[in-house]
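Undergrad: sequence and predicted model, in that order:
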Amino acid sequence: MIKQKILIIDDEPDIRDVLKITLECEGFEVFEAIDGVDGLEKVHKKSPDMVILDYKMPKMDGHEVCQILKKDILLRHMPIIMLTGKGETQDKVNGINAGADDYMVKPFEPTELVARIKMILRRSSRDLDANPLSRLPGNITIMHELEAAITRNLPFSVCYIDLDKFKSFNDTYGFEHGDEVIRETARIILSAVNELGNPDDFVGHIGGDDYVILTSVDKTEILCNRIIADFDKIAPSFYNQEDREKGYIVAKDRQGNVDKVALISVSIGIVSNRNKSISHVVEIGEIGAELKKLAKANQGSNFVWDTRK
């Protein structure tokens, strides 16, 4: 069974020790950060399921850390428990205003904190069908959204987004770097949809390096062009300087052959009911898989429409 991960951000070693011992005994995987700046770095590296955050810390206080996390489109659903000093009423108010999901007053009773943690995590997992890396809705929600679009019987497009050469990158640079590429891709997609899409557009994470957007026909190419432009701009930064300058890495391809593998690009297959009727979600998935394969056959980032009638 996969352990749920909790990050403790507190500048007091004694508090961190008590929390770490208590939570590990309850079966959680625990990470520690000594201040707000260190905490933000650990959040992005460790992808915790929850953060326990002290309000008063050097460098960056809990209020500011909480605000930053809740503004991040990939992290805003991650629950945060704020720790405040006894009698510091304004700290509690500020913590809640910053987006904290709950608070505890120090000194606290460890068993009560554990009970609150378990309650919040149960509620979080029940309310959000989310991919653990991107925090985007997963396959259950994706299915519901596609079924609803078919039922409405209005023109729509489903963009299936996939990264090219990702396996070779992952094998060469390791899973931690690969996970960061997955998270950054999600940010690019969400930013494009938030800026250029419709208010009711949907973004989901199928898994791995596969994503999906449900949007209107008129917004489709606008979104695809923005995603491709933004991804191609940032993709070289995923590599070290040597590989960046070469424009390729030496790695095994999907057939196991050692070759020069180009830098990561993005392929998008677009399924739409603009030219033909679509009656089932399975049909969308099958057409999307065909179109992604066709897009991947082209060099570099690109998108392909389904033009069949």
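TA: That came through, no problem.
Undergrad: need the contact list for the residue lying closest to Pro155 once chain neighbours are set aside.
TA: Excluding the flanking residues, the one nearest Pro155 by C-beta to C-beta, 6 or more residues apart in numbering is Val217, at 4.7 Å. C-beta coordinates here come from the backbone N, C-alpha and C atoms, glycine included. For Val217, the contact set (C-beta atoms under 8 Å, 6 or more residues apart in numbering) comprises Pro155, Phe156, Ser157, Ser272, Arg274.
Undergrad: and Ala148, how many neighbours?
TA: Ala148 has 12 neighbouring residues, counting by other C-beta atoms under 10 Å.
Undergrad: remind me which helix or strand it belongs to.
TA: Using DSSP states H and E, Ala148 falls within helix 139-152.
Undergrad: flag every buried residue along stretch 228-248.
TA: Across stretch 228-248, burial judged by 16 or more other C-beta atoms under 10 Å covers Ile228, Asp230, Phe231, Ala235, Phe238, Tyr239, Asp243.
Undergrad: so where's the stretch 101-250 of the chain shaky on pLDDT?
TA: Along the stretch 101-250 of the chain, the model assigns pLDDT under 70 to residues 125-129.
Undergrad: run the last query once more with 90
TA: 101-113, 120-141, 143-144, 152-153, 250 (pLDDT under 90).
Undergrad: and the strands in the stretch 101-250 of the chain?
TA: Applying DSSP state E, counting those that start in this stretch to the stretch 101-250 of the chain gives strands spanning 102-106, 157-164, 202-207, 210-215, 248-252.
Undergrad: distance to Asn94 added to those strands, as JSON lines?
TA: Compiled in JSON lines, the strands of the stretch 101-250 of the chain are given as follows (distance: least, C-beta to C-beta, whole Å):
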{"stretch": "strand 102-106", "distance to Asn94": "10"}
{"stretch": "strand 157-164", "distance to Asn94": "39"}
{"stretch": "strand 202-207", "distance to Asn94": "31"}
{"stretch": "strand 210-215", "distance to Asn94": "36"}
{"stretch": "strand 248-252", "distance to Asn94": "47"}
